[in-house]
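Chemist: Okay, predicted coordinates and the sequence, questions at the end:
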Amino acid sequence: MDEVVISVSSDGPESASEYPACQDDRARCLVPNPFTTKGEVLLADSLGQGADDPSIVVVTFTPQVARARYIFDRCYDGAVQVIGVDEELGLGDWIYQYVYQTLGFFKAWTTPCA
């Protein structure tokens, strides 16, 4: 079954109640537990239970593409495609994302999937 699922936080500006796309009947907004990329893998696995050939398209912002691809390839039981969405970032933001994503890769590499 094809559906659009949006991973949202439980509160704040990116919560289902605040995120405009969650008000659309064509999307289902869910909170992964934990609210991490690995939590999103667990959520995707639970949504794909019983599917003959589970697959997912993950849409994230460009700095996270490589790390999301690594985690989903390693931990998701189905086929996965990761697509990046460009967002205008300043030099400071890119430096922050480089450090954050590098540390996130190390964490993903050193921790189990579940």
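Modeler: Cool, got the structure. Numbers count the residues shown, from 1 in each chain.
Chemist: Show residues contacting the longest helix seen in the chain.
Modeler: Taking DSSP state H as the criterion, the chain has its longest helix at helix 91-110. Here helix 91-110 makes contact (C-beta atoms under 8 Å, 6 or more residues apart in numbering) with 37-38, 63-64, 66-67, 70-71, 74, 89. For glycine as for every other residue, the C-beta is placed from the backbone atoms N, C-alpha and C.
Chemist: where does the residue lying closest to residue 76 once chain neighbours are set aside land in three-state SS?
Modeler: Spatial nearest neighbour of residue 76, excluding adjacent residues (C-beta to C-beta, 6 or more residues apart in numbering): residue 41 at 5.1 Å. Under DSSP: H, G, I helix; E, B strand; the rest coil, residue 41 falls in the helix class.
Chemist: Can you give me every residue that contacts residue 41?
Modeler: Taking C-beta under 8 Å, 6+ apart, we find residue 41 in contact with 71-72, 75-76, 113.
Chemist: residue ranges of the strands in the chain, please?
Modeler: Assigned by DSSP state E, the strands in the chain fall at 4-7, 27-30, 55-61, 79-85.
Chemist: packing partners for the second one?
Modeler: By that I understand strand 27-30. In terms of contacts (3 or more C-beta pairs under 8 Å, 6 or more residues apart in numbering; DSSP states H and E), strand 27-30 is packed against strand 4-7.
Chemist: in the protein, which ranges drop under the pLDDT threshold?
Modeler: Scanning the chain for pLDDT under 70 picks out the ranges 1, 114.
Chemist: go again using 80 as the cut-off
Modeler: Where the chain drops to pLDDT under 80, the residues are 1-2, 50, 114.
Chemist: what's across from residue 7 in the sheet?
Modeler: Using DSSP bridges, the beta-bridge partners of residue 7 come out as residue 30.
Chemist: and the contacts of residue 41, which are buried?
Modeler: Neighbour counting with 16 or more other C-beta atoms under 10 Å marks 71-72, 75-76 as buried within these.
Chemist: which two in these are spaced the farthest apart?
Modeler: Among those, the pair separated by the greatest distance (C-beta to C-beta) is 71 and 76, at 8.1 Å.
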